[in-house]
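Q: got a structure for you, letters missing:
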């Protein structure tokens, strides 16, 4: 089975486009991070800006639950499944060939 080249995938699909597709409302900008509510919390009361995404590096981190990863990890965690499946679905949605490594 071929491997996904996640570094090349980050080049083909911009993190901001993926965040919009996932309907994440990240509106507060702090330095180079976009912040908003973490999609993994049920109770959002005072933790509404604990989720941060670094668009330059395509990484996310929640300062409350410590969830972290890249954009494929985010998609996989939100939709269920593996990072490999997430990469295939992301490529299909954005109309790019999955960057494969053999």
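A: Looks like it arrived, so ask away. Worth saying up front: this structure is predicted, and the values here are computed from it rather than measured. Numbers count the residues shown, from 1 in each chain.
Q: spatially central residue for this protein, please.
A: The centroid of the chain falls nearest to residue 71 when counting by Cα atoms, centre = their mean (2.7 Å).
Q: any idea how far that one is from residue 102?
A: 23 Å (Cβ to Cβ, to the nearest Å). In this view, the C-beta of every residue, glycine as well, is placed from N, C-alpha and C.
Q: from what I can see residue 71 touches residue 13, true?
A: Yes - counting by Cβ atoms under 8 Å, residue 13 is a contact partner of residue 71 at 7.3 Å.
Q: identify the contacts common to the two.
A: Contact with both residue 71 and residue 13 is made by residues residue 90, according to Cβ atoms under 8 Å, 6 or more residues apart in numbering.
Q: would you mark the buried spots in the worst-scoring helix or strand of the chain on mean pLDDT?
A: Within the chain, no helix or strand scores below strand 26-30, which has a mean of 80 by mean pLDDT, DSSP states H and E. Buried residues in strand 26-30, counted by 16 or more other Cβ atoms under 10 Å: residue 26.
Q: give the next helix or strand downstream of that strand.
A: Counting by DSSP states H and E, the element after strand 26-30 in chain order, helix or strand, is strand 33-36.
Q: sheet partners, orientation included, of that following strand?
A: Its sheet considered, strand 33-36 pairs with strand 26-30 (antiparallel), strand 51-54 (antiparallel) by DSSP bridges.
Q: check contacts around the closest residue to residue 83 other than its chain neighbours.
A: Nearest non-adjacent residue to residue 83, counting by Cβ to Cβ, 6 or more residues apart in numbering: residue 72, 4.5 Å away. Contact analysis of residue 72 by Cβ under 8 Å, 6+ apart lists 4, 6, 9, 83, 86-87, 90.
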